[in-house]
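>>> 3D model of this:
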Amino acid sequence: MDSATIFLVIMLMLLAGVIFWVVSTYNQLILYRNRFKNAFAQVEVQLTRRYDLIPNLVETAKAYMKHERETLEAVISARNQASHAAKQASVQPEDVMAIQGLVGAEGMLTGAMGRLFAVMENYPDLKANENMMQLTEELTSTENRVAFSRQAYNDAVMIYNTERERFPMNLVADGFHFHTALLFEIEDVQKREAPQVVFA
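As a prediction, the model looks like this:
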C-alpha cells in the first residue's frame, strides 16, 4: 500500500468516527428530549384532573357563598386560562414561550384558589359540607400528584439541558437546533414574602 492509500484509509476512518459520534450524540439528545416530553405529558394528566375538579368545587361553594361571586368567577377564569395554556404547552413542551405561558397561568390559578380557600374559612357550613370535604380532599391529593409530576418533569429537563450544554455535545445540539427547555416552576408569592414582624 502506498502512502496516498494509507492516508485515504485514515481519513475515511476518521470521517466514519466523526459521523458515528454525531449520530450517537444526536440520538442521545433525542432520548433526553423525549424523556422530558413524556414527563410533561404526566404533568398534563394531573393538571387536567385538577382542572376537572375545580368547576365542581366552585359549584358546591356557590350555594353557600352567594356574596362571593367575584372570587368564584376569578377561580373559573384562572382555571380556563390555565387549561388553555396547558393545551398549548402540550403540543410542544420544548417551546419556551408555551411553558412560560403555562407557568404564568398556573401561578394565577394558584393565587385564585388560595383566595377562594381563604374566603371559605368564613363559611363553616361550607367547610362541613360532605361534598366539599370530598372535593377538597381530592383536590389536595391531585395537587400532590401535580407537584410530584412537575418535579419529575423538572428533573428530566435538567438532565436534557445539562447534556445539551456539555462540550462537545453542544456542537451537535446547536447544529441540529436542540433548544434549552424551560423548568416548570410556579412562584409562590406567600413563600417569597418575608414575614411581617410587629413590636408592641
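
>>> What residues does A39 make contact with?
For A39, the contacting residues are 149, 152-153, 155-157, taking CB atoms under 8 Å, 6 or more residues apart in numbering as the criterion. Just so you know, the C-beta spots here come from the backbone N, C-alpha and C atoms, and that holds for glycine as well.

>>> Among the residues you listed, name the ones in strands.
With strands defined by DSSP state E, no entry of the contacts of A39 lies inside them.

>>> quick one: which of these is nearest M97?
Minimum separation from M97 among those (CB to CB) is found for V157, which lies at 15.4 Å.

>>> That closest one: neighbour count?
For V157, the number of neighbouring residues by other CB atoms under 10 Å comes to 25.

>>> just the one 5 residues further on next, same as before
Neighbour count for T162, taken as other CB under 10 Å: 11.

>>> So it, which state does it fall into?
helix (DSSP: H, G, I helix; E, B strand; the rest coil).

>>> Let me see the contact set for L57.
For L57, counting by CB under 8 Å, 6+ apart, the contacting residues are 116, 132, 135-136, 139.

>>> Whichever of the contacts of A39 end up buried, select them in ChimeraX.
Listed next is the ChimeraX selection for buried residues among the contacts of A39, using 16 or more other CB atoms under 10 Å:
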select :149,152,153,156,157
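
>>> mind giving me a markdown table with the contacts of L57 and columns for distance to D95, secondary structure and pLDDT?
Converted to a markdown table, the contacts of L57 look like this (distance: CB to CB, whole Å; DSSP: H, G, I helix; E, B strand; the rest coil; pLDDT from 0 to 100):
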| residue | distance to D95 | secondary structure | pLDDT |
| --- | --- | --- | --- |
| L116 | 30 | helix | 90 |
| M132 | 37 | helix | 86 |
| L135 | 33 | helix | 88 |
| T136 | 34 | helix | 88 |
| L139 | 28 | helix | 90 |
